[in-house]
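Chemist: Sequence first, then the predicted structure:
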Amino acid sequence: MSGLGVVRSWTVVYRASLLGFAGEVPYLLVDVELAEQAGLRMIGLLLDGPDTSLREGLPVRVAFEDVAPGTAVPAFTPATGGSS
């Protein structure tokens, strides 16, 4: 997997549904269509936060957020240079 994709939609979460995320609100979740296959989507955190200027089709790339020692989860950040 290339880790590249485009934003299809997004939502800002103001009230965490899981207690473990209560200290993280507000946060931005993006629905990303991955470059490898049309219709192949993944939901993830946008690391740049809820104030990021978003648009449908915004190129993004995977990044990893460390959530515990030795544990990282996939997230996204806007891609630069038109790489997707």
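Modeler: Received it, and whenever you're ready, just let me know what you need. Residues are numbered from 1 along each chain as shown.
Chemist: how about the spatially most distant residue from the centre of the chain, what does it touch?
Modeler: Most distant residue from the mean C-alpha position of the chain: Pro69, 21.0 Å away (CA atoms, centre = their mean). If you count contacts by CB atoms under 8 Å, 6 or more residues apart in numbering, Pro69 has none. C-beta: built from backbone N, CA, C; applies to glycine.
Chemist: can you tell me which residues contact the residue nearest to Leu40 when sequence neighbours are not counted?
Modeler: Nearest residue to Leu40, sequence neighbours excluded (CB to CB, 6 or more residues apart in numbering): Leu34, at 4.7 Å. For Leu34, the contact set (CB under 8 Å, 6+ apart) comprises Met1, Ser2, Leu4, Gly5, Leu40, Arg41, Met42.
Chemist: hmm, which of those residues are the buried ones?
Modeler: Listed as buried from the contacts of Leu34 are Leu4, Gly5; burial here means 16 or more other CB atoms under 10 Å.
Chemist: Can you pick out the most distant pair from the contacts of Leu34?
Modeler: The distance between the two most remote of the contacts of Leu34 (CB to CB) is 14.8 Å, for Ser2 and Arg41.
Chemist: so where do the strands sit in this structure?
Modeler: Using DSSP state E, the strands of the chain run over 4-13, 27-34, 41-45, 59-68, 71-78.
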